[in-house]
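K.L.:
Need the 3D shape of this:
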Amino acid sequence: MSPSPKKAANLTVRADLLEEARARKINLSHTLEVALAAELKRQRETEWLEQNKEAIEAYNREIAEHGLWSDGLRQF
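P.N.:
Next up is the predicted model:
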């Protein structure tokens, strides 16, 4: 699978952070990509949980009332 194409973006960053990042030779583009990917993943997970909240609650009620089908098979 080939990586997605890059696109330029203009950003504003606190001057002190930018200076220290440059002094430490931090790759700003890579750092932003990693941080954005993590934040997008977190938001997608939150949205999924919200969209499936009723089904998860119903499943948990079912398990609480009737247990798991494998309860009698477990050795621990």
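K.L.:
what bits of this structure have low per-residue confidence?
P.N.:
1-2, 76 (pLDDT under 70).
K.L.:
Which helix in it has the most residues?
P.N.:
helix 28-51 (DSSP state H).
K.L.:
Quick check: Ser64 vs Glu57, distance?
P.N.:
Rather than Ser, residue 64 is Ala. 10 Å (Cβ to Cβ, to the nearest Å). No exception for glycine: its C-beta is placed from N, CA and C like everyone else's.
K.L.:
do the same with Ala37
P.N.:
Where Glu57 is concerned, Ala37 sits at a distance of 30 Å (Cβ to Cβ).
K.L.:
Same check on Arg42?
P.N.:
22 Å.
K.L.:
What of Ile26?
P.N.:
Counting by Cβ to Cβ, the gap from Ile26 to Glu57 is 43 Å.
K.L.:
sorry, back to before: now the longest helix of the chain: how far from the chain's centre is it?
P.N.:
Remark: helix 28-51 is offset 5 Å from the chain centroid, using Cα atoms, centre = their mean, to the nearest Å.
K.L.:
Check stretch 65-73 too.
P.N.:
In terms of Cα atoms, centre = their mean, the centre of stretch 65-73 is found 32 Å from the chain centre.
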